[in-house]
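Asker: Output the structure for:
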Amino acid sequence: MNDIPDWIAAAREHWRWRGDDRPAFAAVPRPGQESVWDYPRPPAIVADPREVVVLWDDVEIARTRDAVRVCETGHPPTFYLPAADVDHAYLEAASGSSFCEWKGPARYWNLRGNVRAGGRVLRGAAWSYPRPLAGGERLAGRFAFYASMLTCLVDGVRAEPQPGGFYGGWITPELAGPFKGEPGSEGW
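Answerer: Residues are numbered from 1 along each chain as shown. Next up, the predicted model:
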């Protein structure tokens with residue numbers, strides 16, 4: 001991590017909350033919950049053996065028990081599924097890109113429906129990190145999906161999308177927030 005450009009180092013340094021102390025505005029987790037304010041920066045990449053299913057209407061796009069969660073301060077986890085467990089017949093490269101100071105350059109994916117999915121296109125419904133930065137290597141060869149566009153299930157429980165449109169975290173019952181993306185969270 002020492003061989004990163006100054007602009008990435010500067011982007012990483014601007015975060016006040018890094019998981020080492022929970023802010024006063026954070027909800028106190030109930031028994032069985034975890035606070036997203038205890039997640040670290042840089043984010044932790046954690047194996048998750050629960051069954052994760054991604055549906056586009058009634059069409060199964062992905063199913064796995066080999067997901068990893070990216071757990072970053074203030075964010076509900078983002079689930080990344082192995083490419084082998086994603087139906088590539090629905091994926092097509094999308095235009096645009098973004099850059100995360102922790103994970104690196106992101107590539108976006110549309111979902112293109114066949115006859116079963118009505119021939120529709122769902123633009124920018126997924127993303128991946130084909131060449132993640134050091135520390136994010138476990139994300140290579142995996143896809144993440146927006147719960148705001150698709151039905152995303154974790155052990156049969158539907159995940160709610162992280163607020164804010166851009167963010168891709170999945171809110172599940174074991175999480176305590178508030179979550180980045182809500183109104184007023186720009187400086188978190």
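Asker: what pairs with the most centrally placed residue in the chain across the strands?
Answerer: Central residue of the chain (C-alpha atoms, centre = their mean): residue 78, 2.3 Å from the mean position. Here residue 78 shows beta-bridge partners residue 70, assigned using DSSP bridges.
Asker: the helices in the protein, which residues?
Answerer: With helices called from DSSP state H, the chain shows them at 6-13.
Asker: For it, give me the ranges with low pLDDT.
Answerer: 1-2, 114-118 (pLDDT under 70).
Asker: if we can go back for a sec, surely the residue nearest to the centre of the chain meets residue 170?
Answerer: Yes - in this structure residue 78 lies within contact range of residue 170 using C-beta atoms under 8 Å: 7.0 Å. Placement of C-beta: from N, CA and C, glycine included.
Asker: From residue 101, how far out is residue 9?
Answerer: Per C-beta to C-beta, to the nearest Å, residue 9 is found 8 Å from residue 101.
Asker: of the two, who's got more company?
Answerer: Taking other C-beta atoms under 10 Å, residue 9 and residue 101 do not tie; residue 101 has more neighbours (18 against 12).
Asker: Identify the residues contacting residue 93.
Answerer: Each residue near residue 93 by C-beta atoms under 8 Å, 6 or more residues apart in numbering is listed here: 107, 108, 109, 110.
Asker: Could I get these in CSV, plus columns for distance to residue 34?
Answerer: Listed next are the contacts of residue 93 as CSV, based on distance: C-beta to C-beta, whole Å:
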residue, distance to residue 34
107, 30
108, 29
109, 29
110, 33
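Asker: Most neighbours among these, please name it.
Answerer: Across the contacts of residue 93, neighbour numbers were computed from other C-beta under 10 Å; residue 109 holds the maximum, 22 neighbours.
Asker: so what's the nearest residue to that residue once chain neighbours are set aside bridging to?
Answerer: With C-beta to C-beta, 6 or more residues apart in numbering as the criterion, residue 109 has its nearest non-adjacent residue at 4.0 Å, and that residue is residue 126. Counting by DSSP bridges, residue 126 forms beta bridges with residue 109, residue 145.
Asker: Check whether residue 126 really touches residue 112, as I assumed.
Answerer: No - assessed by C-beta under 8 Å, residue 126 is found out of contact with residue 112, at 11.5 Å.
Asker: Next, show the common contact partners of these two.
Answerer: residue 91.
Asker: Neighbour count: these two, which is higher?
Answerer: Applying other C-beta under 10 Å to residue 126 and residue 112 shows that residue 126 carries more neighbours, namely 25 against 16.
Asker: what's near enough to touch that one?
Answerer: 91, 108, 109, 111, 143, 144, 145, 146.
Asker: Out of the residues you listed, who's the most crowded?
Answerer: Comparing those by number of neighbours (other C-beta under 10 Å), residue 145 comes first, having 29 neighbours.
Asker: Help me confirm that that one comes into contact with residue 152.
Answerer: Yes - applying C-beta under 8 Å, one finds residue 145 in contact with residue 152, separated by 6.1 Å.
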